[in-house]
Each structure stands twice: as structure tokens, then as C-alpha cells.
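Chemist: Fold the following.
(2 chains)
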Amino acid sequence: MATPLTQRVVYSDFFTDLDKHPIRSTVLRKTNVDAVKQSLRNLMLTDRGERLFQPNLGGNIRAMLFENITAQTFLTMQEHIKDVIEAHEPRADVIDVYIAQTSQEHEVQITIVFRVVNVQEPVTLELLLERVR
Amino acid sequence: MAGTIISELDFNQIKNQLKTFLQGQAQFADYDYDGSNMSVILDVLAYNTFQNSFYTNMALGEMFLDSAQLRDSVVSHAKELNYLPRSYRSSNAKVTLTFTPSDNPAFITIPKYTKFTTNVDGKSYTFSTDQVYTITPNSGVYSVSDVSLHEGRIEREYYDVTASTKYLISNKRVDTDSIVVNVYASSAASAEVNAYASKPNLFDVGSSDNVFYIQPAELNRYELEFGNDVFGREPKTGEVVEVIYRIANGSTPNGATTFSPSGTIQGYTATVTTTSTSFGGAEEETLDSIKFYAPKSIQIQDRAVTESDYENLLKSKFSEIQAVSVQGGEELNPPQYGKVIVHVDIQNSDGVSDGAKEKYRKFLKERTPLAIDPVIRSPEFLYVALDTTVHYNTKTSDATNSEIDSLVRNAIASYNLTYLNDFKKNARQSRIARVIDDTNTSIISNDTELRMIIDFIPVVSSASSITADFENSLILDHPLTAGEDINRHTPAVKTSSFSYGTQTAYIQDNGEGVLEVLTNTVDGFKVLSGNVGNVDYATGRVVIRDLNVSSFSGSAIKIYGRPETQDIIGPASKIISIRDVDVSVTVEAATQ
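Modeler: Numbers count the residues shown, from 1 in each chain, chains lettered A, B, ... in the order given. Reported below is the predicted structural model:
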């Protein structure tokens, strides 16, 4: 019987901070759903033009830093997010993208609900964009 | 990365090659997904490889003369081939100076670097002499002709000689032909001074000869090198080297016609008459030119032996030369053994001044075999008279007759500039006809005829002769007989009209090789002179002897030659060209 995807390592990537295993000292891996979530997070936090020779790659969210928080801005962000996932992350089928202002002002909550290809359960990725000072 | 071949220069292809490499391991599998951290690392690696590839490509490109882009690289390669790229060149004019001193001195001296000013296109330029002229009176007249004036500001630089001194000339616009070097024994005012001469190579240079060599240097500059006490004397520590040179403005001062001395010369006022307008000024040699001539210079070894040697040497040395044609004296008629005839065409000039001829001859003489004597000649011109009748369809064009006429004339002028106007070019009727047809889509056909023209400028009211050699076979018509309708005779040779005595006349051949002076009367043609020369139909050689012309219109009498074929072959000694005035266009409208 074939090993289910949830147990087999299909997708694997290293941590963004290149964290190492505390005992073996090898580079730690993020695998399967976690790897896809990390990839989505990277795409969201990448601005267009940031990556070399790939001018259209990125959710371009940071570029909207100085936009007014309106429904129209949220719609634009939603479109950007859906477009970039569709174009650059074939492993994720987006179910929905929610963008909302939190009760504390100066924060935007992005929730991406998606399904990893060949995995039944939906996955939720939450990103909180907040001011740092 | 053992086993991975990076063979591409493109970023994406490099990245793909890295991905291919990663397919050999299973530890990290997300290299294919743009959002992964793995992909970010691959971007950095690919970009780094891309930059290295680009840098290596550019650096390697600079290593070869063919692909080098930077001037320093091209010049350095040329240096390896013993080729000195041409520097800026001063424009050069010839003038005659006349003085009318009231105190009648025994002589008047015009010092070296005496300044003159002129104006070209509203901008002022300074010219100066490059040698001393001493004028002694001749029948009370103080005059000197052929005074050579060179454009540019005179600059002096001094170098204290040490073991490590580099004699780098500061100004990029130096005319290297103007460099004068003096070496002072010390910095004291009374120090002994020795003049050093420029040498292009090591031939005939002794260990104590006072010589210097010019080398191209980095950043578009030139430097001087001295001998090493084997090939030329090496200046010693404590001596002072003085370098005097002109800073030229290139081609912009060309065409200056009037010159004024900057003040009096030795206290006397000079009257300046220009005998040759300024020409020959040029910018530094272009990279393309260096790439072209440097390999050829090593081929010819600075020696003029073959035809192309003469051409390459002259064109690379003298920027003003537009075209060169070389003939061995044995090819001439009559042969001149031991001579090489060099026809030189100068830009924007109809001839070559005697001074320039002597300059070119001297330059070549130093490079020809011992028994060869180069003879510089102005170019001769073989003009083409073009008569064309153009038929165009009025249904397919709104153009008027005059517009078609103008288009055709422009096309012919363009053809002349592109394919003719040089030595050894051929004017082919079929090609010209095609150019005319292609001028406009409405042109259906054309009927074009070519004839040859050589200009004859006789001395008015004096016996004048000319040998006009078309060097193309001429077509022969039947012998002209008395009482015949002159219009039914198609002569091989005919001239434009001129005044002969009191009558308007022209010359044409009689179909039997004899040239006659004819005039047209109401009763037909009349022979005014039965034999003023002859024509050789096979060689195209026309000789007019002792023709006494009362007057003629225009700048010359045109001698027309009708070629046997409609392809006019350009002789080696002649520039073949179509002048606007020799083009006749008839436009006929057609409806089908």
C-alpha cells in the first residue's frame, strides 16, 4: 500500500533562518504542508521587482504600506495574493483569502485558506501585518 | 557541483542547470517552486554565476583586437602590431605673405610658431607656422609663398629626467606630427640643448643618436620613449626634457579661407593671401579604423611594395585622403619604368596641392624599394552623362512629372555616392536602370543611355591641346559625308559647343578617326576645320591638337564619348562619377 502524502516527504525546504538541528547540526527541513505554507508566506512578503530577473514575482503587500485602509485596498490585496499564488505556487489551491483590519488599529490580518494539492484537508495560513514602531 | 556544466550566459538557463543538478538529491525538493527558500538561494547562485559569466565574457572580449570595445584595449593590441593609431591632426593651409616695409631691411624673419587667426562657421581658430621663414627682397618686394600654417594651440611640457620618469603627454588632442623634443643638460638657463628627432622604428638608429619614439598610452593619450643607449641615447638623470606640440581641434577648422596675423611680424605688417584653404584636420583615429589598419600594417611591414601597401599606408597616415589608386609605371602609355603613379583624391577638394604631393611622396619614398620613385598625381575624372526617359503610370500614382523627375534625380545621386565616385568603379547601365525603376512603384520602365565625359579646359584664344583617354572602346558610326543630315550621324566623340572664331562650333569625329570642327547652318553642317585631332576607337584615346577657342560657356568644354557597350569600366587612374548637371531626365506619363 502506498504511503499517504501526509506521511511521505514530498515537499521539503530549509527554514528561512537556516536553522540547524540541535543535535545532528544538519540544516533543519520544513516538509510537505509546512513547506508550502512557508513558500506562501515568502511570496506574500516579497515585493514585485525584489527578486532578480523575476519582476512579477511577489504579493506586493509591503508596497501598499502607505495606501489608505479601505475596502478597495483590501480587494486589491486579495487580487494580488490570488494572482501570485496562481502563478507561482502550483502546489496550493486557494479556497479563499480574507483580509481584515484587526480591532487594534495599524494591523491587517491576512488569512489564506487553501488546499495542498493531493491533500484533502484545508490549510489556513495567517499573516499579521503590524507596525513595528 | 562536480559534474555540473555551466554553459549558458542567460540567468534563467543557469538557474535551470542548477535545478537539474539538485534533481540528483532528495533532501531538499522545493527548488522548483518560486516561493521556496531553496529558490531564493538558487536565484543568488544563478545571479552570481551570471555576473561572473558576463564579466568573463567582457574581459575575454577585450583580449582580442576583433572583439575589444575599450579604446585602451584596442590601442594596446595595435601597439603589439607596431601600429601607432593616428592622433588628432591639425588642419593645414598654405598662404603667401607679403610685406611692404618702409625701412627696406636686408631680410625679414618669420619666427616659428607665428600666430594667425581665422574664422570657420563663426568660430575663431588659431593657426601657426611650424618653421622659420626668412624673406629677402626680390626687386623690392618682400614675399614668401607656400607658408604652411597649422591649426592648434602650442603647448610646452617639461619633465625632469629620473630613472622612473614617464614622458606622458597630458593633452589627448595632441597632433603627434607636431611634437618637438629638446633635451636640456640641466635646468640652468644657460644649459646646453639638443634637439631629438622622432623615429617610427629602430632602423638606422645608433646608440648615441638623439631620437625619441611615440607610443600610444592609456586613457587616449600618447607617451614618448627614449633610447636605451643601444637604439638611441637615453636622457640622463638631471637633464630636462622639453616637449612642444600642438593641441588640434580636429576637422572643424577645415575650410578656413582667410587668415590674419595676430599683430605685426617682427614689427612689420603682413598681407596674407591664401593659396590653399585649410584641410587635413581630423579627429583621433576611430576604433574601427584601428581595427582595420593595425593588422594590415604588420602585413605590409611599413613598406610600400604592392598596390594595397600604398593605399593602406597613405590612408592610415593621412586622414584627408579619401581614395587612392596605384599604377605601376610599366602599365602606362608610354611606359615609365621605375615609377609608381599614385592618384590621390582628397576630401572636399578637386586636386592635390604641390605641398601635399611632396609630403605624400616623401612619406612613400622612405618606404619604397630603392629603384622605385613614387609620383603623386591629382585624380582624373571620368564623368558619366546620363540621359533617361522614364515612363510612369498615372493610374497608380498621384505624383506629378516634376516629383517623379526629382525622385529619379535623387536616386541617381544616391547611386553615385554609394557605388561610384571612386577609382576602379564601373557604371553599369542595367544597374542604373534598375535603380531608376525602383525609385517609385508607378514607374513602368525607363530608357537610359550612358555616355562618358572628360572635361577640357582650353586656354582661350590660344592653341590648346588635350589627350582625353576614355580607356573604354568607343562605338563607331558610318563615315560622315558632305551633305549628309548631321542628325543621322551618331558620332563616337562629340564636344559641347564653343565659339570658334565668330561661329558657334563643336568637334565630332568623322567616323574615320579624324576630329573635325563643325558648325550647323540652315543648309546643313559645315566643316570649319578638317583635322583638329584624332580618335582611336579601340582604346578610347582622343587627341585634340592646337585648337583655338574664342570662348566657351561653363567651366569646361565637355568631350563626350559614346561607349561601345553600356557598361563604362572605370580606369585605375580615374574617378568615375555622375554629376547632377550631366543628368537629363524626361518623364512621360502613361495610363497602362
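
Chemist: Provide the count of other residues in contact range of B:G540.
Modeler: For B:G540, the tally of surrounding residues (other CB atoms under 10 Å in any protein chain shown) stands at 24. Glycine gets a C-beta too; all of them are placed from N, C-alpha and C.

Chemist: contacting residues for the residue lying closest to it once chain neighbours are set aside?
Modeler: Closest residue in space to B:G540, ignoring its immediate chain neighbours: B:F470 at 3.4 Å, by CB to CB, 6 or more residues apart in numbering or on different chains. With contact set as CB atoms under 8 Å, 6 or more residues apart in numbering or on different chains, B:F470 has these partners: B:L382, B:M452, B:I454, B:G540, B:R541, B:V542, B:G561, B:P563.

Chemist: ok, residue 111 - contacts?
Modeler: Going with chain A. Counting by CB under 8 Å, 6+ apart, the residues that A:T111 touches are A:V97, A:Y98, A:I99, A:A100, A:T124, A:L125, A:E126, A:L127.

Chemist: oops, chain B please
Modeler: For B:P111, counting by CB under 8 Å, 6+ apart, the contacting residues are B:T129, B:V132, B:I265, B:Q266.

Chemist: thinking again about what came up before, present the contacts of A:T111 as a markdown table; the columns should include distance to B:V514.
Modeler: Output for the contacts of A:T111, formatted as a markdown table (distance: CB to CB, whole Å):
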| residue | distance to B:V514 |
| --- | --- |
| A:V97 | 104 |
| A:Y98 | 110 |
| A:I99 | 106 |
| A:A100 | 112 |
| A:T124 | 113 |
| A:L125 | 108 |
| A:E126 | 112 |
| A:L127 | 107 |
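
Chemist: List only buried entries from those.
Modeler: Buried members of these, counted by 16 or more other CB atoms under 10 Å in any protein chain shown: A:V97, A:I99, A:L125, A:L127.

Chemist: Walking through the stretch 451-592 of chain B, point out its strands one by one.
Modeler: Assigned strands in the stretch 451-592 of chain B, in chain order: B:463-469, B:493-495, B:498-500, B:503-509, B:514-521, B:524-536, B:541-548, B:557-561, B:567-569, B:574-577, B:583-590 (criterion: DSSP state E, counting those that start in this stretch).

Chemist: Below-threshold pLDDT in chain A: ranges please.
Modeler: Residues of chain A that meet the criterion pLDDT under 70 lie in A:1-7, A:133.

Chemist: before we move on, what about chain B?
Modeler: Ranges of chain B meeting pLDDT under 70: B:1-7, B:591-592.

Chemist: Quick one: name the residues of it near chain A.
Modeler: By the rule CB under 8 Å from any CB of the partner chain, the part of chain B lying against chain A is B:11-12, B:27-30, B:33-38, B:40, B:43, B:46-47.

Chemist: now, which of those residues sits nearest B:N393?
Modeler: Within these, distances to B:N393 taken as CB to CB reach their minimum at B:N12, with 54.0 Å.

Chemist: about what we covered before: most neighbours of all the residues of chain B next to chain A, which one?
Modeler: Across the residues of chain B next to chain A, neighbour numbers were computed from other CB under 10 Å; B:G35 holds the maximum, 30 neighbours.

Chemist: What strand or helix carries the closest residue to that one other than its chain neighbours?
Modeler: In space, B:G35 comes closest to A:S39 once its chain neighbours are excluded; the distance is 3.4 Å by CB to CB, 6+ apart. The secondary structure element spanning A:S39 is helix A:32-44 (assigned by DSSP states H and E).

Chemist: So which bits of that helix are buried?
Modeler: Residues of helix A:32-44 classed as buried: A:N32, A:V33, A:A35, A:V36, A:K37, A:Q38, A:S39, A:L40, A:R41, A:N42, A:L43, A:M44 (neighbour count, 16+ other CB under 10 Å).

Chemist: again with stretch B:50-63
Modeler: The neighbour-count criterion (16+ other CB under 10 Å) identifies B:F50, B:S53, B:E62 as the buried residues of stretch B:50-63.

Chemist: Can you give the contact residues for it?
Modeler: B:I6, B:E8, B:L9, B:D10, B:F11, B:I14, B:S67, B:A68, B:Q69, B:L70, B:S73.

Chemist: chain center to it, what's the gap?
Modeler: Distance of stretch B:50-63 from its chain centroid, counting by CA atoms, centre = their mean, to the nearest Å, is 37 Å.

Chemist: Next: stretch B:66-86.
Modeler: Between the centre of stretch B:66-86 and the centre of its chain there are 22 Å (CA atoms, centre = their mean).

Chemist: And the residue of the stretch 401-550 of chain B that's closest to chain A?
Modeler: Minimum separation of the stretch 401-550 of chain B from chain A (CB to the nearest CB) falls at B:T418, amounting to 43.5 Å.

Chemist: does that residue count as helix, strand or coil?
Modeler: In the three-state summary, B:T418 is assigned as helix, counting by DSSP: H, G, I helix; E, B strand; the rest coil.

Chemist: how close does it get to B:I404?
Modeler: Distance, B:T418 to B:I404, by CB to CB, to the nearest Å: 21 Å.

Chemist: What of B:T490?
Modeler: Counting by CB to CB, the gap between B:T490 and B:I404 amounts to 28 Å.

Chemist: Could you check which of these two is surrounded by more residues?
Modeler: For B:T490 versus B:I404, the count of surrounding residues by other CB under 10 Å is larger for B:I404: 22 against 13.

Chemist: what's the helix or strand for the more buried one?
Modeler: helix B:401-419.

Chemist: Close to chain B: what parts of chain A are there?
Modeler: Residues of chain A that fall close to chain B, judged by CB under 8 Å from any CB: A:9-16, A:29, A:35, A:38-43, A:46, A:51-54, A:57, A:88-91.

Chemist: 6 Å - rerun?
Modeler: Where chain A comes near chain B, counting by CB under 6 Å from any CB of the partner chain, the residues are A:11-14, A:16, A:35, A:39, A:42-43, A:51-53, A:57, A:88-89.

Chemist: buried subset of those?
Modeler: So, by 16+ other CB under 10 Å, the buried ones in the residues of chain A next to chain B are A:Y11, A:S12, A:D13, A:F14, A:A35, A:S39, A:N42, A:L43, A:R51, A:L57, A:H88, A:E89.

Chemist: Look at the third one and give its secondary structure.
Modeler: It stands for A:D13. Under three-state DSSP, A:D13 comes out as strand.

Chemist: Please name the residues that touch the residue nearest to it when sequence neighbours are not counted.
Modeler: Nearest non-adjacent residue to A:D13, counting by CB to CB, 6+ apart: B:D30, 4.1 Å away. The neighbourhood of B:D30, defined by CB atoms under 6 Å, 6 or more residues apart in numbering or on different chains, consists of A:Y11, A:D13, A:A35, B:S36, B:M38.

Chemist: So for the helix or strand that contains B:D72, what gets flagged as buried?
Modeler: Secondary-structure element containing B:D72, defined by DSSP H and E: helix B:71-80. Buried residues in helix B:71-80, counting neighbours by 16+ other CB under 10 Å, are found at B:R71, B:S73, B:V74, B:V75, B:S76, B:H77, B:A78.

Chemist: Skipping its backbone neighbours, what lies nearest the fourth one in space?
Modeler: Yep, that's B:V75 we're talking about. B:P216 (4.5 Å).

Chemist: That neighbour: which element?
Modeler: In this structure, B:P216 sits in strand B:211-217 according to DSSP H and E.

Chemist: Whichever helix or strand comes after that strand pairs with which strands, and in what direction?
Modeler: Secondary structure here is assigned by DSSP H and E; on that basis, the next helix or strand after strand B:211-217 toward the C-terminus is strand B:221-226. Taking DSSP bridges as the criterion, strand B:221-226 forms sheet pairs with strand B:167-168 (antiparallel), strand B:211-217 (antiparallel).

Chemist: got the angle between the very next helix or strand once past the shortest one and strand B:211-217?
Modeler: Past strand B:167-168, heading to the C-terminal end, the next element that is a helix or strand (DSSP H and E) is strand B:174-184. Orientation of strand B:174-184 against strand B:211-217 (axes from the mean of the first three to the mean of the last three CA atoms, to 10 degrees) gives an angle of 140 degrees.
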